[in-house]
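J.: generate coordinates for the sequence data below:
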Amino acid sequence: ALASTHIFGLLTMRKFSLTPAEELQAKIILDAELKHLDLLSRAGGQPQTTNFFVPAGVYDSRQRFAQVTAEVETVCTAAYLAASRRLAELGEHRMSATMAQLAANEAQHVAVARDLIGVPPSDNAWLPAIFYNVSDAGPVIAPFLNGAEGFMGPMAFPGFERAQQVLGTVRAAAYPTFMNSF
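T.: The predicted structure follows:
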């Protein structure tokens, strides 16, 4: 829900221009984030909140947006990797592999954010193992959930219907997940 709200903010609140290709990519990312949220909800997950805070000025410049987005998406990537580890430990192998699929997609979002400011998409041989458990991400994302100095908001999750209006006909490809394939 946080990532969807953040990318929705880019598409509706930004004070800088995007090329048509960049706007298309942003819409694809928003749809992907909505698909992630839907998948996790159908699996029994629920967002902790639907109101979020973002760093002040995040939609004022391409540089600021890209930096914050790369950081948020890195946290999301690491959280999905931690979920994958824990689910494998619990013997939930198909769900574990599905979390790895989501982590790979989030890593692509990091690359897109970095590309917005002309930084190489990645300088990593593999994704960093930042969190051992998903709950370890809590302190890192706390300012986005509760607000903090230098943050603005709250911004409400736009909801699926309102987000779909912004997306128009743009959709991310949705291949079967491991949960639904094997």
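
J.: please count neighbours and contacts with C-alpha atoms only from this point.
T.: Fine.

J.: am I right that Arg171 is in contact with Leu34?
T.: No - counting by CA atoms under 8 Å, Arg171 stays clear of Leu34, with 10.2 Å between them.

J.: count the residues that sit near Asp114.
T.: Just so we're on the same page, residue 114 is Arg rather than Asp. Neighbourhood size, Arg114 [other CA atoms under 10 Å]: 20.

J.: which pLDDT does the model give it?
T.: Note on Arg114: pLDDT of 93.

J.: and the helices in the protein?
T.: With DSSP state H, the ranges of helices along the chain come out as 2-13, 20-42, 62-89, 93-116, 138-146, 160-167, 178-181.

J.: one step back: give me the more crowded residue out of Arg171 and Leu34.
T.: A direct count of neighbours by other CA under 10 Å for Arg171 and Leu34 places Leu34 higher, at 21 against 16.

J.: that one against His6, yeah?
T.: No - counting by CA under 8 Å, Leu34 sits too far from His6 to count as a contact (11.5 Å).

J.: would you put the C-alpha positions of the least confident helix or strand in the chain by mean pLDDT in CSV?
T.: Least confident helix or strand of the chain, by mean pLDDT, DSSP states H and E, is helix 178-181 with a mean of 90. Output in CSV follows, covering the C-alpha atoms of helix 178-181 (Å, rounded to 0.1, in the frame of the first residue of the first chain):
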residue,chain,number,x,y,z
PHE,A,178,4.9,-19.9,-8.0
MET,A,179,1.9,-20.1,-5.6
ASN,A,180,-0.4,-20.6,-8.6
SER,A,181,1.8,-22.6,-10.9
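
J.: endpoints of stretch 117-127, how far apart?
T.: Distance between the two ends of stretch 117-127: 21 Å, counting by CA to CA, to the nearest Å.

J.: list the buried residues in that stretch.
T.: Using 16 or more other CA atoms under 10 Å as the test for burial, stretch 117-127 gives Pro121.

J.: repeat that for stretch 41-60.
T.: Neighbour counts over stretch 41-60 (16+ other CA under 10 Å) mark 50-55, 58-59 as buried.

J.: now stretch 144-158, how far from the centre of its chain.
T.: Taking CA atoms, centre = their mean, to the nearest Å, the mean C-alpha location of stretch 144-158 is offset from the chain mean by 16 Å.

J.: do the same with stretch 169-182
T.: For stretch 169-182, the distance to the chain centre is 16 Å (CA atoms, centre = their mean).

J.: pretty sure His93 sits against Ala83.
T.: No - between His93 and Ala83 there is no contact under CA under 8 Å: 11.2 Å.

J.: and these two? Which one has more around it.
T.: A count of neighbours by other CA under 10 Å puts Ala83 above the other of His93 and Ala83, at 24 against 18.
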